[in-house]
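> Please find the sequence and the predicted model below.
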Amino acid sequence: MFILLAALYGLWTYGIDGIRISLQGQTPRSYTAQQVIDSGVGGARYVRITGFTDGTYVYQTPDKDSDDKTSTVNRIEYALLPEQEFSASVKAVMSGEPHVTPIHIMASDSRVSSGCQAEEKEGGDGCLTLGERTIEGIVRTGPEAMTSATRDLFNEGGEYRVSDDVLYITEGDRPAALWVPILVTVALTLLSLLMLLTFVPTGRRAT
């Protein structure tokens, strides 16, 4: 049963959804962070986001003692704040006034060094380059969207609040060549059918 569920998950995530992403082409659709907040990105899956400043982040590393083996790589997840929201957040911190910064866009990047001990980047702390910049990546939906555990990590301090319709992007990911998700779809469909047949009772009629 576990193999069947894993096959169905892969069929949807890397097969069918992969085809949808690949069909949009290899050129990302560009949006400013404020445009995303105001109007969203429609059905775009490969996007370039500009006009934002890195906000708070969470660095996560696999827990070797945990039974949850879904997280197997180091990754950093961070908020993308339009300049206006970033400035309001900084102003509130400097003045000591209570302020909750809404998070409408978040990115995840697994291409970070273990413990962020690499040479510190200019203006950053070794984990994240601070300041205004641009990212490209894949908008993740469904099972690959941000987990409730990650959402809770950002919300727990009370200074930030992740919106219910947050746009979640895996930075650096690109659409695969179309034949790749098609091949995955065919292979996992056959595997799923084969597994389903194993659950069909068989037997001979009594004569």
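Nice, thanks for sending it over.
> what's around the nearest residue to Thr32 once chain neighbours are set aside, how many residues?
Distances taken as C-beta to C-beta, 6 or more residues apart in numbering place Gly51 nearest to Thr32, at 3.8 Å, with adjacent residues excluded. Bear in mind the C-beta positions are built from the backbone N, C-alpha and C, glycine included. Other residues lying near Gly51 total 16 when counted by other C-beta atoms under 10 Å.
> Can I take it that Gly51 is in a helix?
No: according to DSSP: H, G, I helix; E, B strand; the rest coil, Gly51 belongs to no helix; its state is strand.
> Which residues are in contact with it?
Contact partners of Gly51, counting by C-beta atoms under 8 Å, 6 or more residues apart in numbering, are 32-34, 82-83, 132.
> Buried ones in the lengthiest helix in the chain, by neighbour count?
Taking DSSP state H as the criterion, the chain has its longest helix at helix 179-198. Along helix 179-198, these residues count as buried under the neighbour rule (16 or more other C-beta atoms under 10 Å): 181, 184-185, 188, 191-192, 195.
> what about Met146, neighbour count?
Met146, neighbours per other C-beta under 10 Å, totals 17.
> for it, helix, strand, or coil?
coil.
> Pass me the low-pLDDT residue ranges in the chain, would you?
1, 61-73, 111-131, 143, 200-207 (pLDDT under 70).
> where along this protein do the strands fall?
29-32, 46-60, 75-82, 101-109, 132-139, 160-171 (DSSP state E).
> Give me the sheet partners of the first one and which way each runs.
Using DSSP bridges, the strands paired with strand 29-32 in its sheet are strand 46-60 (parallel).
> and what of the fifth one?
Based on DSSP bridges, the strands next to strand 132-139 in the sheet, each with its direction, are strand 46-60 (antiparallel), strand 160-171 (antiparallel).
> Go through it and flag the buried ones.
Buried, per 16+ other C-beta under 10 Å, within strand 132-139: 135-139.
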